[in-house]
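Asks: A structural model of the following input is requested.
(one chain, ligands or ions: 2)
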Amino acid sequence: MNFKGKHFLTLLDYTKEELEYLLDLAIRMKKGEEEKELNRKSLAMLFQKSSTRTRISFEVGMTQLGGHALFLDIKNTQLGRGETIGDTAQTISRYADGIMARLYKHEDIKELAKHAKVPVINALTDKYHPCQTMADMQTVLEKKNKLEGLKVAYFGDCGFNMFNSTAIGFSKLGAEVVAVCPEKEEYKPKKENLPEVKYEIEHDPLKGAEDADVIYTDVWISMGQDEEKAKRLSELQNYQVNEEIMKKAKNDALFMHCLPAHREEEITAGIIDGPNSVVFDEAENRLHAQKAIMAELMGD
Ligand code: CP
Ligand code: NVA
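Replies: Numbers count the residues shown, from 1 in each chain. Ligands and ions are numbered 1, 2, ... in the order given. Down below sits the predicted model:
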C-alpha cells in the first residue's frame, strides 16, 4: 500500500483496506513491533483554533519519529494578515515535509491542499476530524478486537465534525452507527457531508442507547459556536449521556468522547470517570494513530 504524498483531509478519501492498514500499523508501532522514522523531517502545524491533544500529540509524535514540528498560530502568520492560502501553502511546501492544519472552514483546508506540494493532514475543520476517529477506532479495536457488527450510538450534535468522521470511519469498517439527536435540522446528519455513508437516526435517547457497544458524545458547543451557547444547552439537554443512558447500553459498552468534555453538560462526571470510560485511551491513541499516518504519508 502506498500513501506517499497523499493528503489526509477526510476518511471519505480512504478505502476500508487502507484504513485497516493504518490502524494495524498504529497498533504495531504502539507495541514496539514495528519502527518507522521521519528523521530530519519537519511538520508545519497551522492552528486557527485552540487545542490541547492535537498540538501535543502531533508535536511529540514528530519528535518520537526523529523529526520536528513547528507550532504556527495563524494570527501571528501573514495568513492572518491577508496572505492567500495558496501562497502560504506553496511557501510552507518549500520548507516543511508536511502540513497539519486546524481550520474553521473545510473549504479552506481543501484550498491549502490544492496548492501544497507536501501532504496536508486535517486536524479538525467544521466538517471532519479524521485523526480523532483513527485514534477512536484504534481504541475500540484494542478493547473489543473488532469493529464489524458493533453498535455505535453517537449522542448530541450529529450535524458537525465529530459525528461525520465517526460515521464515515466506523461504518466503513463494518460498525452500525446510530445518530441519536434532536429533530431540529441543525443537529441531524447532513447528507452532503456523508456521501454513501450508512447510518441510522434515532430521536429517542433511551432507544438509541439500547444494546449499544459504544456510546459516543462530544461537546454541545463546538469551537466557533459560543454565541449559540444558551440555545444549544437547552435544545440538547435531553441527549446528555448519563447513568440512565449507560444502563440501556451493553454492560461492557465503552464510553467515548474526543475531549475536551464539559462535565454535567453532555456527560456526567460519574460516567466519564467511571469503569466504562476509555476517553484517555482515545487521547493517548491520537499520538499512535497520527505517527502511523505521518510515517506513511511523509516517509521516504
Ligand atoms: N480531541 C481534540 O482534538 O482535542 P484538542 O482540541 O485538545 O486538540
Ligand atoms: N466538535 C468539537 C471537537 C473538539 C475536538 C469542536 O469542533 O470544537
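
Asks: only C-alpha atoms for contact and neighbour calcs from this point on.
Replies: Noted.

Asks: show me what contacts the residue most central in space within the chain?
Replies: The residue lying closest to the centre of the chain (Cα atoms, centre = their mean) is Gln132, at 2.5 Å. By Cα atoms under 8 Å, 6 or more residues apart in numbering, Gln132 lies in contact with 258, 282, 286.

Asks: can I get those residues in TSV with pLDDT?
Replies: TSV is the format used below for the contacts of Gln132 (pLDDT from 0 to 100):
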residue	pLDDT
Cys258	98
Glu282	99
Arg286	99
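
Asks: doesn't Thr217 make contact with Val241?
Replies: Yes - contact criterion Cα atoms under 8 Å: Val241 and Thr217 qualify, at 7.4 Å.

Asks: check which residues of the helix or strand the residue nearest to the centre of the chain falls within are buried.
Replies: Assessed by DSSP states H and E, Gln132 sits inside helix 130-144. Neighbour counts over helix 130-144 (16 or more other Cα atoms under 10 Å) mark 130-141 as buried.

Asks: TSV for these, including distance to ligand 1 and pLDDT?
Replies: TSV is the format used below for the buried residues of helix 130-144 (distance: Cα to the nearest ligand atom, whole Å; pLDDT from 0 to 100):
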residue	distance to ligand 1	pLDDT
Pro130	10	99
Cys131	8	99
Gln132	6	99
Thr133	9	99
Met134	11	99
Ala135	10	99
Asp136	10	99
Met137	14	99
Gln138	14	99
Thr139	14	99
Val140	16	99
Leu141	19	98
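
Asks: distance of whichever residue of the chain sits closest to ligand 2 relative to ligand 1?
Replies: Proximity of the chain to ligand 2 (Cα to the nearest ligand atom) peaks at Ser222, 3.4 Å away. Distance, Ser222 to ligand 1, by Cα to the nearest ligand atom, to the nearest Å: 10 Å.

Asks: equivalent analysis for Met29, please.
Replies: Distance from Met29 to ligand 1, by Cα to the nearest ligand atom: 21 Å.

Asks: and that residue, what does it touch?
Replies: Met29 neighbours (Cα under 8 Å, 6+ apart): 35-36, 288, 292.

Asks: what subset of the residues you listed is buried?
Replies: Buried residues within the contacts of Met29, defined by neighbour count using 16+ other Cα under 10 Å: 36, 288, 292.

Asks: Ser93 is in contact with Lys117, correct?
Replies: Yes - assessed by Cα under 8 Å, Lys117 is found in contact with Ser93 at 5.5 Å.

Asks: mutual contacts of these two, please.
Replies: With Cα under 8 Å, 6+ apart applied, the contact sets of Lys117 and Ser93 do not overlap.

Asks: so which bits of this protein are right by ligand 2?
Replies: Residues of the chain lying close to ligand 2 by Cα under 6 Å from any ligand atom are 161-162, 222-223, 258-259.

Asks: which one of those residues has the most neighbours?
Replies: Comparing those by number of neighbours (other Cα atoms under 10 Å), Met162 comes first, having 27 neighbours.

Asks: which element is that residue on?
Replies: Met162 belongs to helix 161-172, assigned by DSSP H and E.

Asks: who are the packing partners of the helix or strand just after that helix?
Replies: Sequence order places strand 176-180 as the next helix or strand after helix 161-172, per DSSP H and E. Helices and strands touching strand 176-180, by 3 or more Cα pairs under 8 Å, 6 or more residues apart in numbering; DSSP states H and E, are strand 151-155, helix 161-172, strand 200-202, helix 205-209.

Asks: nearest to ligand 1, of the ones you listed?
Replies: helix 161-172 (9.2 Å).

Asks: quick check: angle from that closest one to strand 151-155?
Replies: Put simply, helix 161-172 runs at 170 degrees to strand 151-155, going by axes from the mean of the first three to the mean of the last three Cα atoms, to 10 degrees.
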